[in-house]
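J.: The amino acid sequence is not available; the structure is as follows:
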């Protein structure tokens with residue numbers, strides 16, 4: 001029998017049904033990344049597994065015990081599960097170590113000295129042993145989330161449930177939390193992780209669940225889900241998460257905002273400064289130096305430009321899809337003897353160019 005079996009799980013409220021019919025089996029030692037659009041029941045699924053939410057119908061069988069049965073000892077079953085929330089949920093009036101000591105002392109009646117030693121061991125595991133006597137408010141967001149992960153391990157659970165643990169963090173803090181999570185995965189812990197971090201989903205997962213509209217629409221290995229998804233909805237979601245999109249509907253558009261959003265995307269993809277600069281320079285050259293001036297010269301207030309940048313982790317396989325079909329009626333402003341290279345700057349930043357149709361061009365960006 002699988003460690004976790006979910007059968008026809010449904011959760012409904014008076015005005016919404018976040019889970020409609022969820023079915024899944026998770027084996028011991030598996031790391032499951034749960035991805036999908038917001039509002040599709042991912043967090044609700046985790047909360048139902050440890051019965052923070054009461055399912056409307058269906059079964060959740062954990063280690064042979066039906067979590068939905070009326071006679072189930074929920075307190076005992078919850079000790080088998082550690083939960084990490086996106087908002088840390090640490091107690092600021094307690095020391096970092098005391099946050100971790102609380103559950104072993106209260107639930108297991110562990111002696112204070114033993115609980116202290118266990119807290120230090122867990123803090124050492126997440127690289128924060130020197131913060132044992134600090135208050136949570138004295139730590140960075142990434143450090144607080146690492147403390148939360150250590151606390152989730154305090155009862156030595158069989159299963160870890162992590163609900164978007166990096167969503168409130170900046171790129172630096174995301175990286176340090178992902179390292180801790182990946183280390184736990186390598187040690188064989190069974191983990192279910194709701195995440196938007198494709199880096200973790202790709203590198204640490206046994207399988208990925210794509211959830212949409214209250215169901216698991218697709219399940220498979222990271223390679224299958226991230227590189228060769230079967231369903232168009234899965235493909236579109238992964239592109240949105242891993243890609244950057246920007247529309248320009250006015251020649252007086254907010255170029256500072258465009259650059260800031262592009263910089264944020266590059267940081268989330270862990271590109272590195274050189275790769276990020278390459279992308280930013282290409283967008284600046286094509287949009288600010290060529291297409292927008294061409295639109296102004298032709299008296300076009302709405303240039304109707306659309307940019308889609310796609311990059312793998314670390315800045316591999318970077319491509320920019322540029323749609324400027326609204327500007328080609330009066331002659332292609334980028335074309336030079338029939339190709340889409342129009343300046344030495346562009347030629348120095350890209351490896352090759354595909355003209356899919358007039359005004360729709362894909363640039364394959366150099367990895368610098």
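T.: Here it is on my side, so go on. Just so it is clear, the model here is predicted, and its values are computed rather than measured.
J.: Let me know how buried residue 217 is, in neighbour terms.
T.: 18 (other Cβ atoms under 10 Å). Heads up, the C-betas are built off the backbone N, CA and C, glycines and all.
J.: which residue packs closest to it, ignoring adjacent ones?
T.: residue 210 (5.4 Å; Cβ to Cβ, 6 or more residues apart in numbering).
J.: doesn't that neighbour fall inside a strand?
T.: Yes: the assignment for residue 210 (DSSP: H, G, I helix; E, B strand; the rest coil) places it in a strand.
J.: That one reaches residue 225, doesn't it?
T.: Yes: look at residue 210 against residue 225 with Cβ atoms under 8 Å: they come within range, at 6.3 Å.
J.: anything in contact with each of these two?
T.: 35, 218-219, 234 (Cβ atoms under 8 Å, 6 or more residues apart in numbering).
J.: Which ones among these lie within strands?
T.: 35, 218-219 (DSSP state E).
J.: From those residues, keep the buried residues only.
T.: 35, 218-219 (16 or more other Cβ atoms under 10 Å).
J.: and which of these is nearest to residue 205?
T.: Nearest to residue 205 out of these is residue 35 (Cβ to Cβ; 9.6 Å).
J.: For that closest one, which non-adjacent residue is closest in space?
T.: residue 210 (5.7 Å).
J.: Now do the one you found: how many residues are near it, please.
T.: 25.
J.: Can you name the residues that contact it?
T.: Going by Cβ under 8 Å, 6+ apart, the list of residues near residue 210 reads 35-36, 216-219, 225, 229, 231, 233-234, 237.
J.: ok so, going back, could I get the ones in strands among the shared contacts of residue 210 and residue 225 as TSV with pLDDT and distance to residue 74?
T.: Shown next, in TSV, are those (pLDDT from 0 to 100; distance: Cβ to Cβ, whole Å):
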residue	pLDDT	distance to residue 74
35	93	28
218	95	31
219	96	27
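J.: could those be laid out in TSV, adding distance to residue 349?
T.: Converted to TSV, these look like this (distance: Cβ to Cβ, whole Å):
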residue	distance to residue 349
35	31
218	35
219	39
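J.: Residue 157 in helix, strand or coil?
T.: When classified by three-state DSSP, residue 157 comes out as coil.
J.: number of nearby residues for the nearest residue in space to it that is not next to it in sequence?
T.: What sits nearest to residue 157 in space, not counting adjacent residues and going by Cβ to Cβ, 6+ apart, is residue 82, at 4.0 Å. Residues lying near residue 82 (other Cβ under 10 Å) number 26.
J.: Over the helix or strand containing residue 82, what's the mean pLDDT, rounded is fine.
T.: Assigned by DSSP states H and E, residue 82 belongs to strand 81-84. If you average the pLDDT over strand 81-84, you get 92.
J.: That strand pairs with which strands, parallel or anti?
T.: strand 159-163 (parallel) (DSSP bridges).
J.: May I see the buried residues of the helix or strand that the strand it pairs with is followed by?
T.: Per DSSP H and E, the first helix or strand lying C-terminal to strand 159-163 is helix 171-186. Residues of helix 171-186 classed as buried: 173-178, 180-181, 184-185 (neighbour count, 16+ other Cβ under 10 Å).
J.: could those go into JSON lines alongside pLDDT and distance to residue 116?
T.: Formatted as JSON lines, those follow (pLDDT from 0 to 100; distance: Cβ to Cβ, whole Å):
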{"residue": "173", "pLDDT": "78", "distance to residue 116": "27"}
{"residue": "174", "pLDDT": "79", "distance to residue 116": "30"}
{"residue": "175", "pLDDT": "79", "distance to residue 116": "30"}
{"residue": "176", "pLDDT": "84", "distance to residue 116": "24"}
{"residue": "177", "pLDDT": "86", "distance to residue 116": "24"}
{"residue": "178", "pLDDT": "85", "distance to residue 116": "28"}
{"residue": "180", "pLDDT": "90", "distance to residue 116": "21"}
{"residue": "181", "pLDDT": "90", "distance to residue 116": "25"}
{"residue": "184", "pLDDT": "88", "distance to residue 116": "22"}
{"residue": "185", "pLDDT": "89", "distance to residue 116": "27"}
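J.: And the strands in the stretch 101-250 of the chain?
T.: 159-163, 190-194, 207-212, 215-220, 243-248 (DSSP state E, counting those that start in this stretch).
J.: Can you say which of these is nearest to residue 17?
T.: strand 215-220 (10.7 Å).
J.: Run the angle between that closest one and strand 207-212 for me.
T.: Between the axes of strand 215-220 and strand 207-212, defined by axes from the mean of the first three to the mean of the last three Cα atoms, to 10 degrees, the angle is 150 degrees.
J.: quick one: strand 215-220 to chain centroid distance?
T.: Here strand 215-220 shows a centroid-to-chain-centroid distance of 17 Å under the convention Cα atoms, centre = their mean, to the nearest Å.
J.: got a list of contacts for that strand?
T.: 19-24, 36, 41, 207-211, 225, 229-231, 233-234.
J.: if you set the cut-off to 6 Å instead, what comes out?
T.: 20-22, 24, 207, 209-210, 231, 234 (Cβ atoms under 6 Å, 6 or more residues apart in numbering).
J.: Just the closest of those residues to residue 363, please.
T.: Among those, and counting by Cβ to Cβ, the member closest to residue 363 is residue 234, at 25.6 Å.
J.: Contact partners for the closest one?
T.: With contact taken as Cβ under 6 Å, 6+ apart, residue 234 is in contact with 210, 218.
J.: Quick check: beta-bridge partners of the residue nearest to residue 217?
T.: Beta-bridge partners, per DSSP bridges, of residue 210: residue 35, residue 218.
J.: returning to what we had before: tell me which two of the contacts of strand 215-220 sit farthest apart.
T.: Maximum pairwise distance in the contacts of strand 215-220, criterion Cβ to Cβ, is 20.8 Å, between 20 and 207.
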